[in-house]
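Asker: Predicted model and sequence follow; I will ask about them next.
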Amino acid sequence: MRPALFIVSVYRPDLYEAALGVVGIARDVEVVLDRRVGERRSPERVQQDWTPGGRRRLAIDEQLRADGWALVAADAREARPDGR
C-alpha cells in the first residue's frame, strides 16, 4: 500500500524540516516538498481543463497556499503510469 502524502509548500522550509522530524518516521506517511513555483493554475484555468481529479488537486493547491501544507490520504492518491 502506498503511503499518504504530507506535502509542504516550498515557501515553508521550516515546516518541511519539522515534518521530516515528526511525520517522517512514520511508515504510512511520506513527507514531500512541493517545489512548484508559479505553476499552480488559477481556478478559472482548472475549470476549463477539468478532469475527475481536478477538484481534489485544486483543493490541495488552495490548502498549500493557505496553510503551507496539505495531506493526501493513501487511498486518494492516483496511480501514476510508472507505478508510483
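Answerer: Received the coordinates, thanks.
Asker: Go through the longest helix out of those in the chain and flag the buried ones.
Answerer: With DSSP state H setting the assignment, residue counts place helix 54-67 as the longest helix in the chain. With burial defined by 16 or more other CB atoms under 10 Å, the residues of helix 54-67 counted as buried are 58, 60-61, 63-64. In short, each C-beta sits where N, CA and C put it, glycine included.
Asker: From the residues you listed, pick the one nearest A76.
Answerer: Distance ranking of the buried residues of helix 54-67 against A76, using CB to CB, places I60 first at 9.6 Å.
Asker: quick revisit: give me the sheet partners of whichever helix or strand comes after the longest helix of the chain and which way each runs.
Answerer: Next helix or strand after helix 54-67 toward the C-terminus (DSSP states H and E): strand 69-72. Take DSSP bridges as the rule and strand 69-72 pairs in its sheet with strand 4-9 (antiparallel).
Asker: Can you tell me what sits against the strand it pairs with?
Answerer: 15-16, 19, 23, 28-34, 60, 64-65, 68-74, 77 (CB atoms under 8 Å, 6 or more residues apart in numbering).
Asker: can you rerun that using 6 Å?
Answerer: With CB atoms under 6 Å, 6 or more residues apart in numbering as the test, strand 4-9 has contacts from 15-16, 19, 23, 29-34, 64, 68-74.
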